[in-house]
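>>> Next come a sequence and a model predicted from it.
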Amino acid sequence: MRAAVVGSTGYGGIELVRLLHAHPRVGLASVMSSSQADAALSEAYPHVAGVADATLEAIDPARVRERADVVFLATPHGVSAQWAPKFAAEGLAVIDLSGDFRLKSAEAYRAYYGHEPADPVYVEKAVYGLPELFGQDIVEATFIANPGCYPTAAALAVAPLAAAGWIDPDSVIIDAKSGVSGAGRGLSLAVHFSEVNENVTAYKVNRHQHTPEIEQTIERLVGRPVAVTFTPHLVPMTRGILCTVYASLTERRTTEEAIELYRQYYEGRPFVRIRPPGRMPATKEVLGSNFCDIGLSVDARTRRVTVVSVIDNLVKGAAGQAVQNLNVMMGWDETEGLMFVPLYP
């Protein structure tokens, strides 16, 4: 399989280069950038020199068609909406890492992203690529909307409880914390070292663009509209997301029963690891990997359940999940090129 990456000078794009370079079934045919065409990738990222270096090319769907079978778009919101349909029209499989094709509601996209929605034909065509929940849809797909980082961690934390009817889905509260790489490589005061270091901040409270995406996923599981509370926080680390999810149980359950529910729900899903009672995961334990680790506890006093999930936002939250989607699309083992031990410490 020959792959091309658009937006390869961003963090998601360079992570795709790293993962695809090591994939046993994929060759990296082209790396493209709208801002740095004709420059060496190693000029932006010296760590790829002599290993996965390449000359950056201008974005040209017709030219890519002659050299690649699939294109990954690691471009900003609003940019993918313009380019993804052009690549699809050339007969290429498309895996888009932006938010432009995730939301089926044009109204929600306008409200939360502040852009005009993409072509509705392609929005409808796009399959939401969360393999652990919607793997059967991905098998026949040629156009994938790769989930967001927060929605991946949140949805995997909530899904077993929501699907089983164990919780009131409107009671879900998601307290999420992310490393600074989630903001991308662009410069802004919010990610300036002296602003982030020794500091934790909540941001986009009740208006983050991932809120409707989380709700859309839960709605698919429970079969009705839901409203959740989602609050993201920026913490002074480079990689990682930790979601602490709270929900009200519909009847009395124990921690052991809930853990067994999760183990059964994710049986055969190699990238979701469920912790035993009394053990909660940490972001360091999934660093650089495609794993989502989950721990949970039932509070019999309040009849609420607390679920903690962790992912690496650039791998399971972006590039790793995109490669996992490619594996599923192609009928390969979904762990191809991804089953490596997390970095530690």
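All right, it came through fine.
>>> helix or strand for Phe230, which one?
strand 229-234 (DSSP states H and E).
>>> and that strand, what does it pack onto?
helix 149-164, strand 173-178, strand 201-202 (3 or more Cβ pairs under 8 Å, 6 or more residues apart in numbering; DSSP states H and E). Where you see a C-beta, it was placed from the backbone N, CA and C, and this is true even at glycine.
>>> Val341 contacts Asn290, correct?
No - with contact defined as Cβ atoms under 8 Å, Val341 does not count as touching Asn290 (11.3 Å).
>>> Out of the helices and strands packed on strand 229-234, which is closest to Pro120?
In terms of Cβ to Cβ, the element of those nearest to Pro120 is helix 149-164, at 21.2 Å.
>>> CA-only coordinates of the closest one, as CSV, when you get a sec.
Output in CSV follows, covering the C-alpha atoms of helix 149-164 (Å, rounded to 0.1, in the frame of the first residue of the first chain):
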residue,chain,number,x,y,z
CYS,A,149,-8.4,13.1,20.7
TYR,A,150,-10.7,14.0,23.5
PRO,A,151,-13.7,12.2,22.0
THR,A,152,-11.6,9.0,21.6
ALA,A,153,-10.7,9.0,25.3
ALA,A,154,-14.2,10.0,26.4
ALA,A,155,-16.1,7.7,24.1
LEU,A,156,-14.1,4.6,25.0
ALA,A,157,-14.6,5.5,28.7
VAL,A,158,-18.4,5.8,28.4
ALA,A,159,-19.3,3.3,25.7
PRO,A,160,-19.8,0.0,27.7
LEU,A,161,-21.9,1.7,30.3
ALA,A,162,-24.0,3.6,27.8
ALA,A,163,-24.5,0.7,25.4
ALA,A,164,-25.6,-1.6,28.3
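>>> Run through the neighbouring helices and strands of that helix.
Packed next to helix 149-164, using 3+ Cβ pairs under 8 Å, 6+ apart, are helix 131-139, strand 173-178, helix 211-222, strand 229-234, strand 241-248, helix 255-265, strand 292-299, strand 304-311.
>>> and the angle from the next helix or strand after the last one to strand 292-299?
Toward the C-terminus, strand 304-311 is succeeded by helix 320-330 as the next helix or strand (DSSP H and E). Computed with axes from the mean of the first three to the mean of the last three Cα atoms, to 10 degrees, the direction of helix 320-330 lies at 110 degrees from that of strand 292-299.
>>> hmm, who's touching helix 320-330?
With contact meaning Cβ atoms under 8 Å, 6 or more residues apart in numbering, helix 320-330 is reached by 1, 3, 15-16, 19-20, 23, 25-26, 70, 72, 93, 95, 97, 129-131, 135, 138-139, 141-142, 144, 146-147, 152, 271, 289-290, 312, 314-315, 333-338.
>>> what mean pLDDT would you report for it?
Per-residue pLDDT over helix 320-330 has a mean of 98.
>>> Okay, buried residues for it please.
Judged by neighbour count (16 or more other Cβ atoms under 10 Å), helix 320-330 contains these buried residues: Gly320, Gln321, Ala322, Val323, Gln324, Asn325, Leu326, Asn327, Val328, Met329, Met330.
>>> Pull out the buried positions in the strand or helix carrying Phe87.
Per DSSP H and E, Phe87 falls inside helix 80-89. Going by neighbour count (16+ other Cβ under 10 Å), the buried part of helix 80-89 is Ser80, Ala81, Trp83, Ala84, Pro85, Lys86, Phe87, Ala88.
>>> can you redo the residues you listed as JSON lines with pLDDT and distance to Glu43?
Output for the buried residues of helix 80-89, formatted as JSON lines (pLDDT from 0 to 100; distance: Cβ to Cβ, whole Å):
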{"residue": "Ser80", "pLDDT": "96", "distance to Glu43": "24"}
{"residue": "Ala81", "pLDDT": "97", "distance to Glu43": "28"}
{"residue": "Trp83", "pLDDT": "97", "distance to Glu43": "23"}
{"residue": "Ala84", "pLDDT": "98", "distance to Glu43": "27"}
{"residue": "Pro85", "pLDDT": "97", "distance to Glu43": "30"}
{"residue": "Lys86", "pLDDT": "97", "distance to Glu43": "27"}
{"residue": "Phe87", "pLDDT": "98", "distance to Glu43": "25"}
{"residue": "Ala88", "pLDDT": "97", "distance to Glu43": "30"}
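>>> leaving aside the residues next to it on the chain, what's closest to Arg273?
Nearest residue to Arg273, sequence neighbours excluded (Cβ to Cβ, 6 or more residues apart in numbering): Asp293, at 4.8 Å.
>>> Neighbour count for Val341 and Asn290, which is higher?
Using other Cβ atoms under 10 Å as the criterion, Val341 and Asn290 rank with Asn290 on top: 25 against 8.
>>> who's in contact with the more buried one?
Shown in contact with Asn290 (Cβ under 8 Å, 6+ apart): Phe271, Asp312, Val315, Lys316, Gly320, Gln321, Val323, Gln324, Leu338, Met339.
>>> if we go to 6 Å?
Phe271, Val315, Lys316, Gly320, Leu338 (Cβ atoms under 6 Å, 6 or more residues apart in numbering).
>>> repeat for Thr254
Counting by Cβ under 6 Å, 6+ apart, Thr254 makes contact with Val298.
>>> What distance do you get for it to Tyr266?
Going from Thr254 to Tyr266 by Cβ to Cβ, to the nearest Å gives 19 Å.
>>> any idea how far Asp333 is from Ala300?
Distance of Ala300 to Asp333, computed by Cβ to Cβ: 41 Å.
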